[in-house]
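Visitor: structure for this input, please:
(4 chains)
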2 protein chains.
Amino acid sequence: MSQHRHPGAPGSAGAVPALPDLPEATVARLPEYLRALHNLADTGHETVSSEGLATAAGVNSAKLRKDLSHLGSYGTRGVGYDVALLIEQIESVLGLTQRRAVALVGVGNLGHALAGYDGFASRGFRIAALFDADPGRVGEEINGLVVRHVDELPRVAAEESIAIGVIATPASAAQRVADQLVEVGVTSILNFAPCVLSVPEGVDVRKVDLAIELQILSFHEHRKASLTALPATGGSALTALPGGLAATDSQEAIGT
Amino acid sequence: MSQHRHPGAPGSAGAVPALPDLPEATVARLPEYLRALHNLADTGHETVSSEGLATAAGVNSAKLRKDLSHLGSYGTRGVGYDVALLIEQIESVLGLTQRRAVALVGVGNLGHALAGYDGFASRGFRIAALFDADPGRVGEEINGLVVRHVDELPRVAAEESIAIGVIATPASAAQRVADQLVEVGVTSILNFAPCVLSVPEGVDVRKVDLAIELQILSFHEHRKASLTALPATGGSALTALPGGLAATDSQEAIGT
DNA sequence: AGGCGCTTGTGAAGACGTGCACAAATCGCG
DNA sequence: CGCGATTTGTGCACGTCTTCACAAGCGCCT
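Guide: Here you go, the predicted structure:
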């Protein structure tokens, strides 16, 4: 990712709570911890051990401790972590104390679903505006929001102080939309279009490509299939776990 | 990810083309190369250099060459790679020579969109069946497919020989659905529900969580905002790239 | 007060992934 | 045929991430 280097700068010790330049891999896992913590809080837990939280988040406990240690020491030895405090800390680090405004461009099949997805609202974001280039779609109301023409982006972006842009257009339109988003000052983009976006330095792009995920699964499926053809060491393919489900760490972050 | 170890096994040199146990990071990038290659093929290119393909795929050319070298030597020095041949090789490695059948469970907001997403069909997959637990949704027709009750999964899975399951249910239902998928023999799952799935060894799970992606972007947004508060070294925050867009490698894989 | 069990935080080692830089190979041209 | 231009494939060094293992710290019970 882009290489912002936070230079020593020990002078600015003030309101800003350090910003300790977390490893990217850690950042990618924090949201998962946060989700698990909210679950724990909802079920009445006040504290949780690294082991417990790690299991809930699907990672190794050593990794979790190291991740959290980067934020500072918010655990108590012999006891664990205070759930409420940890939630607060992680939300603070992720910048979720303010509810960021999201603009969604492209209200087709996928965009429609995203516009109606309540997981955004419940996890710190506010879909502030919907755009499409197709005049036939402009004016349509989705989930209480009216679809505007993409040309209105500059005006609306300023009014709503958009922080993040989501691109759910066809690939052919994505670069143009990205340019427009950058133009109006958006520096974070989530791209669902299957193409590479070219953006200026300082703008972060994350990409989600559903077909790619399936193709990665296909590879493993393919490999597993070719393995069963082997004589192999142990028993047959499905020794089927005794009790049924065994905890595995096969759950892997999609990011990084 | 799960630790299948391909043991030496030099005996089985037959129809199977080696299966060279690729690094996971490489596997995650192959689909991106494949997409770029198809673009190139469609625009009439017969060969492409590592530099050209790398740019099209948004990666470093050295990385691309190393990735491709893991598949074997399919390039010609001084010339580049044969586009058609490389497509063939990558599709073969990813197991895309057969069109895999996908079962989609959960036809809510997101599931609806996924069912209608044509990117699946065009990239090697066939949505073979739709399921939902809500009787109110059963019978609905989406994109030519009728939604069935999830209890019919065993029968349909056998009929259609489902290879991959996609979970687009609420988090509360996801584990149950995963269990059912595993039960009928599915060993690859793409999970859109915001929760950790527990599955037996040998089953691969990939997770896509839209809110997590936004939260990661939020972190960087937060950090960028706190950086502008610094006096800093050079000029002001936005020296704004001269021409406008500069190629960056900030495009980062969402996987791995 | 003291000791015991539990849990965090972290040093160190190893695995993994990345990128440079260059030798080896191929093509085209004179 | 030989030479130079071009591009691949890869050895090597570096940085990042993961995992182990354990000392340090905390609370509770006697």
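
Visitor: quick one, strands of the stretch 101-250 of chain A?
Guide: A:125-132, A:141-142, A:145-149, A:164-167, A:188-191, A:204-207 (DSSP state E, counting those that start in this stretch).

Visitor: partners of the fifth one in the sheet?
Guide: Take DSSP bridges as the rule and strand A:188-191 pairs in its sheet with strand A:164-167 (parallel), strand A:204-207 (parallel).

Visitor: which of the strands of the stretch 101-250 of chain A sits most buried?
Guide: strand A:164-167 (a mean of 27; mean count of other C-beta atoms under 10 Å in any protein chain shown). (Each C-beta comes from the backbone N, C-alpha and C, glycine too.)

Visitor: if we can go back for a sec, in a markdown table: the strands of the stretch 101-250 of chain A, plus distance to DNA strand D.
Guide: Listed next are those as a markdown table, based on distance: least, C-beta to the nearest atom of the strand, whole Å:
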| stretch | distance to DNA strand D |
| --- | --- |
| strand A:125-132 | 24 |
| strand A:141-142 | 37 |
| strand A:145-149 | 36 |
| strand A:164-167 | 22 |
| strand A:188-191 | 19 |
| strand A:204-207 | 15 |
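
Visitor: got these as JSON lines, with distance to B:Ser73 columns?
Guide: Shown next, in JSON lines, are those (distance: least, C-beta to C-beta, whole Å):
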{"stretch": "strand A:125-132", "distance to B:Ser73": "46"}
{"stretch": "strand A:141-142", "distance to B:Ser73": "51"}
{"stretch": "strand A:145-149", "distance to B:Ser73": "51"}
{"stretch": "strand A:164-167", "distance to B:Ser73": "37"}
{"stretch": "strand A:188-191", "distance to B:Ser73": "33"}
{"stretch": "strand A:204-207", "distance to B:Ser73": "29"}
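
Visitor: looking at the ones you listed, which is closest to DNA strand C?
Guide: Set against DNA strand C and scored by C-beta to the nearest atom of the strand, those come closest in strand A:204-207, at 14.3 Å.

Visitor: do that closest one and DNA strand C meet?
Guide: No: contact of strand A:204-207 with DNA strand C (C-beta under 7 Å from any atom of the strand) is absent, the minimum separation being 14.3 Å.

Visitor: average pLDDT across that strand?
Guide: If you average the pLDDT over strand A:204-207, you get 98.

Visitor: restricting to C-alpha, output it in PDB.
Guide: Extracted C-alpha coordinates of strand A:204-207, given in PDB (Å, rounded to 0.1, in the frame of the first residue of the first chain):
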ATOM      1  CA  ASP A 204      -6.300   4.000  -1.000                       C
ATOM      2  CA  VAL A 205      -8.100   1.400  -3.000                       C
ATOM      3  CA  ARG A 206      -9.400  -1.900  -1.800                       C
ATOM      4  CA  LYS A 207     -10.800  -4.300  -4.200                       C
END
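
Visitor: buried ones in stretch A:53-60, by neighbour count?
Guide: Within stretch A:53-60, the residues scored as buried using 16 or more other C-beta atoms under 10 Å in any protein chain shown are A:53-59.

Visitor: wait, what's in contact with A:Thr47?
Guide: For A:Thr47, the contacting residues are A:76, A:79-83, by C-beta atoms under 8 Å, 6 or more residues apart in numbering or on different chains.

Visitor: hmm, 10 Å instead?
Guide: Residues near A:Thr47 by C-beta atoms under 10 Å, 6 or more residues apart in numbering or on different chains: A:40, A:53, A:75-76, A:79-86.

Visitor: give me the nearest residue to it, chain neighbours excluded.
Guide: Leaving aside its sequence neighbours, A:Thr47 sits nearest to A:Gly80 (C-beta to C-beta, 6 or more residues apart in numbering or on different chains; 4.5 Å).

Visitor: neighbours of the one you found, how many?
Guide: 18 (other C-beta atoms under 10 Å in any protein chain shown).

Visitor: over to the one 10 residues further on?
Guide: In terms of burial, A:Ile90 registers 21 neighbours under the definition other C-beta under 10 Å.

Visitor: make sure it is indeed in a helix.
Guide: Yes: assessed with DSSP: H, G, I helix; E, B strand; the rest coil, A:Ile90 lies in a helix.

Visitor: buried set for the worst-scoring helix or strand of chain A on mean pLDDT?
Guide: Lowest by mean pLDDT, DSSP states H and E among the helices and strands of chain A is helix A:118-121, with a mean of 90. For helix A:118-121, burial by neighbour count (16+ other C-beta under 10 Å) applies to A:119-120.

Visitor: one more: stretch A:194-204?
Guide: Neighbour-count burial for stretch A:194-204 [16+ other C-beta under 10 Å]: A:194-200, A:202-204.

Visitor: again with stretch A:163-180
Guide: Quick answer for stretch A:163-180 (16+ other C-beta under 10 Å): A:163-169, A:171, A:173-175, A:177-178, A:180.

Visitor: check the separation of the first and last residues in it.
Guide: With C-alpha to C-alpha, to the nearest Å applied, stretch A:163-180 spans 14 Å between its terminal residues.
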